[in-house]
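Chemist: Test case, fold it:
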Amino acid sequence: MMPEFEFPLLFLLLPLPWLIRRVLPVRNETRAAVEVPFLDRLAQVSGETPGAASARYRRSPLQWLVLSLIWLCLVTALAKPQRIEAPLIREQPMRDLLLALDLSGSMEATDFTTASGDAIERLTAAKEVLGEFLERREGDRVGLVLFGSAAYLQAPFTEDLDLVRDLMDEATVRMLGPRTVLGDAMGLAISLFERSEVSERVLIVLTDGNDTGSLVPPTRAAAIAADQGVTVHAVAMGDPKAVGEQALDEATLREVARTTGGEYFFAQDRQELERVYALLDQLNPRQVETTRYRPRTDLYAWPLAVAVLLGLISFLTAIARGQRWPSRVSS
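Modeler: Residues are numbered from 1 along each chain as shown. As a prediction, this is how the structure comes out:
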């Protein structure tokens, strides 16, 4: 790969020494060439009259070549040659995605099945489907909020999706109490998004019940989320015919999604739950901002070293010959 030069116009300086030599006058230096103490007697004997003479130093072709190479190397170093490395591509997420997972007592109901048909808890089914969903979120920053009788931040926004999945897998039913504080979980999510610097903010809430004790009603939290530019997708799972605290409040979840410009989904079994998150993939495709950078390695030290080496060799060669630079003299 050919090097590139940061200041290629400096090569216009190459003819500068030749121009200076052509324009400026020759440097004259007056001094005695030979000192003879008996010069007057020698002139009388020979009948000659001493006079002035001039001498011109001439460089050999080899010396001119060495000087030209030194100048070429110096100009090349000033032009700052660089080797352009292979481009480095960095992808920065343009979206923060927050998952809010319900851990209330109703999530222990075993009305979902594994891929092989074995009965499992709702929470286990949700973990499996969310885990597959996370595998497709590479490039996003994802956070995790767990809620039951209280809402807690389990993982702040991070690109380490394996960490988010591990923390989600450690969650158990009722670890935060038996109730469902959906509104408080949304409020916690909004406070996290306030520190987010990306433009697209998405909250996905998964619950199987209704709000049974939030300080902030879900509909009020949804209005605040809409003001903050947070889109809420509500995913409901479980039995819509349940009653009491385990009753599924679809009306509130629909209103939350509508207020924030999100979507409402209902999944009654594992297949429908998988379909819901497949649809969410389509609604929220991976978005990244790509930054390309090509590292540059400076090479000016090489021509500079060659110039110094050539000058040193020429100087030592002249000393070895007992000559002054330049060595050839003509009169």
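
Chemist: Could you list the domains of the chain?
Modeler: Taking automatic domain parsing as the reference, the chain has its domains at 4-86+294-330, 90-290.

Chemist: who's in contact with stretch 208-215?
Modeler: 102, 104, 106-107, 109, 122, 149, 179-185, 187, 217-218, 221, 236-238, 245-249, 252 (C-beta atoms under 8 Å, 6 or more residues apart in numbering). C-beta coordinates here come from the backbone N, C-alpha and C atoms, glycine included.

Chemist: which element is the nearest residue to L161 once chain neighbours are set aside on?
Modeler: Sequence neighbours aside, L134 is the residue nearest to L161 in space, at 5.0 Å (criterion: C-beta to C-beta, 6 or more residues apart in numbering). According to DSSP states H and E, L134 maps onto helix 122-135.

Chemist: I'd like to know which elements that helix is packed against.
Modeler: Counting contacts by 3 or more C-beta pairs under 8 Å, 6 or more residues apart in numbering; DSSP states H and E, helix 122-135 packs against strand 95-102, strand 112-113, helix 161-169, strand 230-237, helix 270-283.

Chemist: Buried ones in stretch 168-183, by neighbour count?
Modeler: For stretch 168-183, the neighbour count (16 or more other C-beta atoms under 10 Å) marks 168, 171, 173-174, 176, 178-183 as buried.

Chemist: could the domains of the chain go into CSV alongside mean pLDDT?
Modeler: As requested, these are exported to CSV (pLDDT from 0 to 100):
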stretch, mean pLDDT
domain 4-86+294-330, 78
domain 90-290, 86
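
Chemist: follow-up on the earlier one: what about the residue nearest to L161, distance to E128?
Modeler: To E128, L134 is 11 Å away according to C-beta to C-beta, to the nearest Å.

Chemist: What of L309?
Modeler: Relative to E128, and taking C-beta to C-beta, L309 is found at 68 Å.

Chemist: If you count surrounding residues, which of those two has more?
Modeler: E128 (18 against 12; other C-beta atoms under 10 Å).

Chemist: contacting residues around that one?
Modeler: E128 neighbours (C-beta under 8 Å, 6+ apart): 114, 270.

Chemist: re the thing from before, tilt between the helix holding L134 and strand 95-102?
Modeler: 170 degrees (axes from the mean of the first three to the mean of the last three C-alpha atoms, to 10 degrees).

Chemist: List the buried residues of helix 122-135.
Modeler: Those would be 122-130, 133-134, for helix 122-135 by 16+ other C-beta under 10 Å.

Chemist: can you give me the angle it makes with helix 270-283?
Modeler: Using the same axes, to 10 degrees: helix 122-135 against helix 270-283 is 30 degrees.

Chemist: Next, count neighbours for the closest residue to A119 other than its chain neighbours.
Modeler: In this structure, A119 finds its nearest non-sequential neighbour in T110, 4.7 Å apart by C-beta to C-beta, 6+ apart. By the measure other C-beta under 10 Å, the count of residues near T110 is 12.

Chemist: Quick check: T110 vs M237, distance?
Modeler: 13 Å.

Chemist: Find the residues that touch each one of the two.
Modeler: R122.

Chemist: Weed out the non-buried ones from the contacts of stretch 208-215.
Modeler: 102, 104, 106-107, 109, 122, 149, 179-185, 187, 218, 221, 236-238, 245-249, 252.

Chemist: picking that back up, possible to save the helices and strands packed on helix 122-135 as a markdown table with distance to E194?
Modeler: Formatted as a markdown table, those follow (distance: least, C-beta to C-beta, whole Å):
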| stretch | distance to E194 |
| --- | --- |
| strand 95-102 | 11 |
| strand 112-113 | 35 |
| helix 161-169 | 20 |
| strand 230-237 | 9 |
| helix 270-283 | 23 |
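
Chemist: out of these, deepest packed?
Modeler: strand 230-237 (a mean of 26; mean count of other C-beta atoms under 10 Å).

Chemist: What pairs with it, parallel or antiparallel?
Modeler: With DSSP bridges as the test, strand 230-237 is paired with strand 200-207 (parallel), strand 264-267 (parallel).

Chemist: need the next SSE after the first one, C-terminal direction.
Modeler: Sequence-wise, the next helix or strand downstream of strand 200-207 (DSSP H and E) is helix 218-227.

Chemist: mind listing what's buried in that next one?
Modeler: In helix 218-227, counting by 16+ other C-beta under 10 Å, buried: 218, 221-222, 224-226.

Chemist: I'm done for today, thanks for sticking with me.
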